[in-house]
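Asker: Build me a structure from this.
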Amino acid sequence: RTARSSNKQKASEMIPVTSSKGRKQGIKSMFRVAVGAHNFRTTVDRSRLIIKNQFDANESLWNLLKFSGTTIQFIIFKPVTWICIALHYFGYFYLNHVRDTCAGQSTCWLDGVLDKYSFKFTDIGIFTTLVVFLFVSYNNMCYRILQRQYFSSQAIGGRITSIAMHFRGVLRTPSNRWNLQRLILAAQQTFYWNLHRNDAESHSYKPGDEGHPGTWDDLCQNSLIPENLLTAAEAACLRRYRGNKCNLLFAWFERDLRSMLHNPPPIGERGVALLPTASDKMQFERTLLDHVVTIKGQMASTNEVQHLKVPFSYYHLTYLLLLICLILLAYAFLFINNKQGNPLSLVIYPAVVVVLSGLQEQANKMSDPFGDDESDINTRALELAALDEARGLCFSPDPAARGA
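Answerer: Numbering: from 1, shown residues only. Down below sits the predicted model:
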């Protein structure tokens, strides 16, 4: 009600204009009122969103007019879509051509063919029912994959922030906090880089291609070293390491943590004075290592789900049944209107193809949530969110009343 009244107020405030330029501005204002006050996000704002394709469900007209982020932008590049539509168009115009040829004749061979080989929509009800059942199950399965990957990625960032909070509450100097925190942040960025690299190489992309995240040196030069997460020596050591680089970073974190807790602080450095007893230090160490173990578990879970996805046999069966159903519908639409056909089928059938193919394409996108599409999980936004939060907790000063 409030939005409706505000739109009326905006419309009432429009000034009548007579010039062509004024009329154009008035038309644009009326269109903005009809569409709704849409808040356009800049490129910088969108890059910080975990899911870039955000929308307001109340802006119905704007959402319908939007093309980016919809399944239509992927369907139009699918050959199957155009093949099915072309089959229906060919059948419709061919039957009309034969009917025109037989015009004025008492009998036509087409009538016998239609009586023998035509069928109704009810005759293929079993296929349409199976398509609906499999698509509901397939979309539900793929959405669970998207949901699990999203929650796991958010859990990793949450644990990293928890570690930074523990460092802020116990360690007095920013340097001590950051020297440990940076290794966890480097492990997060390394994990997502490795995830994108494996996915790109499984699609035959190579370093330098648009869909490839680059080599380890590219990651270090573009992100890890400029953001002070790794030194050049550490980056070179990790380059030579043949195993999982995240595990080595976690091992460095555990070693440096124990070294800082159990070695005496330098002269003039208060160090970890907020942990006066050995029991307090042990409890603090155990808490942080529990966070690290949880992060490793979330990373392993994300990696396993990314490789498992949907069984190929199930995907193949779903896609094959969709193709059969679309071909049968293309044939059945030729015999509507008492076997005479209807030109509206040239519009209705492509809409059916878009809807059914869109459901299948949307499920495919959800089963692979790490990518560059607007509906995918933006891993760079996750990295920046954890990085900004950790820097704030490590370096921001306390109020003077609370002490250093």
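Asker: use CA for all of it now, contacts and neighbours both
Answerer: OK.
Asker: Show me what the helix or strand encompassing residue 199 is packed against.
Answerer: Per DSSP states H and E, residue 199 falls inside helix 174-202. Helix 174-202 sits against helix 125-170, helix 245-262, helix 379-395, with contacts defined as 3 or more Cα pairs under 8 Å, 6 or more residues apart in numbering; DSSP states H and E.
Asker: For it, buried residues please.
Answerer: Buried residues in helix 174-202, defined by neighbour count with 16 or more other Cα atoms under 10 Å: 174, 176-200.
Asker: what's the answer for stretch 323-334, then?
Answerer: Neighbour-count burial for stretch 323-334 flags 323, 325, 326, 327, 328, 329, 330, 331, 332, 333, 334 (criterion: 16+ other Cα under 10 Å).
Asker: ok, so what distance separates the third one from residue 350?
Answerer: Going from residue 326 to residue 350 by Cα to Cα, to the nearest Å gives 10 Å.
Asker: what's the answer for the first one, then?
Answerer: Residue 323 is 14 Å from residue 350, where distance means Cα to Cα.
Asker: likewise the last one?
Answerer: The gap separating residue 334 from residue 350 is 13 Å, by Cα to Cα.
Asker: what's the answer for the second one, then?
Answerer: With the distance defined as Cα to Cα, residue 325 ends up 13 Å from residue 350.
Asker: Can you show me the helices along the stretch 201-350 of the chain?
Answerer: Per DSSP state H, counting those that start in this stretch, the stretch 201-350 of the chain carries helices over the ranges 216-219, 232-240, 245-262, 278-308, 312-332, 336-339, 345-367.
Asker: Residue 235: neighbour count?
Answerer: 19 (other Cα atoms under 10 Å).
Asker: Just the pLDDT for it.
Answerer: We have a pLDDT of 95 for residue 235.
Asker: Residue 337 too?
Answerer: 79.
Asker: what number of residues lie near it?
Answerer: 9.
Asker: Identify the residues contacting it.
Answerer: When the contact criterion is Cα atoms under 8 Å, 6 or more residues apart in numbering, residue 337 has no partners at all.
Asker: For it, give its distance to residue 236.
Answerer: Residue 337 sits 73 Å away from residue 236, taking Cα to Cα as the criterion.
Asker: What of residue 182?
Answerer: Where residue 236 is concerned, residue 182 sits at a distance of 17 Å (Cα to Cα).
Asker: Then residue 255?
Answerer: Taking Cα to Cα, one finds residue 255 at 19 Å from residue 236.
Asker: again, but for residue 376
Answerer: According to Cα to Cα, residue 376 and residue 236 sit 32 Å apart.
Asker: more neighbours, these two?
Answerer: Each of residue 376 and residue 236 has its neighbours counted (other Cα under 10 Å); residue 376 has more, 20 against 14.
Asker: Give me the nearest residue to that one, chain neighbours excluded.
Answerer: Spatially, and ignoring its direct neighbours in sequence, residue 376 is nearest to residue 369 (4.7 Å; Cα to Cα, 6 or more residues apart in numbering).
Asker: What backbone torsions are found at that neighbour?
Answerer: phi -80, psi -10 (degrees, to the nearest 10).
Asker: quick one: contacts for it?
Answerer: So residue 369 contacts 146, 149, 375, 376, 377 (Cα under 8 Å, 6+ apart).
Asker: Now do the same contact list for the fourth one.
Answerer: The neighbourhood of residue 376, defined by Cα under 8 Å, 6+ apart, consists of 51, 52, 365, 366, 368, 369, 370.
Asker: Hmm, the second one is touching residue 371, no?
Answerer: Spelled out, it's residue 52. No. Counting by Cα atoms under 8 Å, residue 52 stays clear of residue 371, with 11.5 Å between them.
Asker: Which one's more surrounded, the two?
Answerer: Neighbours per residue (other Cα under 10 Å) separate residue 52 from residue 371, with residue 52 holding more: 21 against 16.
Asker: so what pLDDT did that one get?
Answerer: 74.
Asker: Residue 175 too?
Answerer: So residue 175 comes in at 88 (pLDDT).
Asker: ok, so what distance separates it from residue 66?
Answerer: From residue 175 to residue 66 the distance is 48 Å (Cα to Cα).
Asker: same check, this time on residue 129
Answerer: The spacing between residue 129 and residue 66, counted by Cα to Cα, is 31 Å.
Asker: Of those two, which one has the most company?
Answerer: Here residue 129 and residue 66 are compared on neighbour count by other Cα under 10 Å; more neighbours surround residue 129, at 12 against 9.
Asker: Under the pLDDT cut-off, which ranges of the protein? List them.
Answerer: 1-47, 103-107, 264-276, 400-404 (pLDDT under 70).
Asker: switch to 80 and redo it
Answerer: 1-60, 62-63, 66-69, 97-119, 262-278, 308-309, 337-341, 371-374, 398-404 (pLDDT under 80).
Asker: burial count for residue 241?
Answerer: Neighbours around residue 241, by other Cα under 10 Å: 11.
Asker: any idea how far residue 110 is from residue 123?
Answerer: 21 Å.
Asker: Using CSV, please lay out the contacts of residue 376 together with distance to residue 161.
Answerer: Converted to CSV, those look like this (distance: Cα to Cα, whole Å):
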residue, distance to residue 161
51, 20
52, 22
365, 30
366, 27
368, 26
369, 23
370, 22
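Asker: hang on, the earlier thing: among the helices of the stretch 201-350 of the chain, which comes closest to residue 102?
Answerer: Evaluated with Cα to Cα, the helices of the stretch 201-350 of the chain place helix 336-339 nearest to residue 102, the distance being 15.3 Å.
Asker: Show me which parts of the closest one are buried, residue by residue.
Answerer: Judged by neighbour count using 16+ other Cα under 10 Å, the buried positions of helix 336-339 are 336, 339.
Asker: hey, C-alpha coordinates of it in CSV?
Answerer: Extracted in CSV, the C-alpha atoms of helix 336-339 (Å, rounded to 0.1, in the frame of the first residue of the first chain):
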residue,chain,number,x,y,z
ILE,A,336,-5.0,-29.5,-32.8
ASN,A,337,-8.2,-27.9,-34.0
ASN,A,338,-9.7,-31.1,-35.3
LYS,A,339,-6.6,-32.1,-37.2
